[in-house]
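Chemist: Take a look and give me a structure for this.
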Amino acid sequence: MPSPMQLRIEAFDLPGRDCAAGPDFPGFANIHVAVQRRARPSELLDLQPGDAATARWTFDCTATRTGESVELTGPYIQGRPGERFIYLSWGTVDEGGTFTMFRRAKLILGAIEPATVEAALAAGRLVARLGLTDAKGHPLCARVTPPRIAWSAEKAEAAEAAEAAEKAETAQPGA
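Modeler: Model (predicted):
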């Protein structure tokens, strides 16, 4: 049976708003990054500037048991069953606000330890933490797997809010 779950990406070490040209990199200005919607490359979740101290994206997904594994699906999860991933799209933003993609990082969901996925199912949220600057100082691209990305489970906000409300209610005398 499908279960709702949140997926959160927490990024740090962004490369900057401008990256100079170098070997195999033409250089870009006014760089931004966002999560790309499945089958809709122009639909981006929460565009973040490349010089932000940190960036965070949270979205809902569905976890479905398929035999001994868990398949994650949702509007921001790409790929076929058994080959799921999330795209972080890098691009420039012009004066008119138009985003033009120049590269993507592919966060590979199949590289997550099964125990972590199980813990996230129980807690309600799967969290990815990663730096977004590659070894050359450019925006991170290509396949991203551990140890470059760390996956963990956390209690989802909805569960946190319900738990806090319950505590507040029981703490009040006569409630």
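
Chemist: quick one, helices of this protein?
Modeler: Taking DSSP state H to define them, one finds helices in the chain at 114-123, 157-171.

Chemist: Could you identify which of those has the lowest mean pLDDT?
Modeler: Here the lowest mean pLDDT among those goes to helix 157-171, at a mean of 59.

Chemist: thinking residue 15 is in contact with residue 138, fair?
Modeler: Yes - the criterion here is Cβ atoms under 8 Å, and residue 15 meets it with residue 138 at 5.9 Å. C-betas here are computed from N, CA, C, even on glycine.

Chemist: Residue 26: how many residues sit nearby?
Modeler: Number of residues near residue 26 (other Cβ atoms under 10 Å) recorded here: 9.

Chemist: for residue 23, that is, sorry about that
Modeler: With other Cβ under 10 Å as criterion, residue 23 counts 5.

Chemist: in its sheet, what does the longest strand anywhere in the chain sit against?
Modeler: The longest strand of the chain (DSSP state E) is strand 54-66. Take DSSP bridges as the rule and strand 54-66 pairs in its sheet with strand 3-12 (antiparallel), strand 69-73 (antiparallel).

Chemist: What are the buried residues along the last one?
Modeler: Buried residues in strand 69-73, counting neighbours by 16 or more other Cβ atoms under 10 Å, are found at 70, 71, 72.

Chemist: what sits up against it?
Modeler: By Cβ atoms under 8 Å, 6 or more residues apart in numbering, the residues outside strand 69-73 that reach it are 5, 7, 61-65, 81-82, 84, 109, 114, 117-118, 121, 126.

Chemist: what residue ranges in this structure score low on pLDDT?
Modeler: Regions of the chain meeting the criterion pLDDT under 70 cover residues 158-175.

Chemist: check contacts around the spatially most central residue of the chain.
Modeler: For the chain, residue 9 is the residue whose C-alpha lies nearest the centre (Cα atoms, centre = their mean; 3.2 Å). Going by Cβ under 8 Å, 6+ apart, residue 9 touches 35, 55, 56, 57, 58, 86, 88, 107, 127, 128, 130.

Chemist: Including distance to residue 21 and neighbour count, could the residues you listed go into TSV?
Modeler: Listed next are the contacts of residue 9 as TSV, based on distance: Cβ to Cβ, whole Å; neighbours: other Cβ atoms under 10 Å:
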residue	distance to residue 21	neighbour count
35	27	24
55	24	21
56	30	14
57	28	20
58	34	16
86	28	27
88	22	27
107	27	26
127	34	19
128	30	20
130	25	20
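
Chemist: Reformat those as CSV; add distance to residue 24.
Modeler: Formatted as CSV, those follow (distance: Cβ to Cβ, whole Å):
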residue, distance to residue 24
35, 25
55, 24
56, 29
57, 27
58, 33
86, 24
88, 19
107, 22
127, 32
128, 26
130, 21
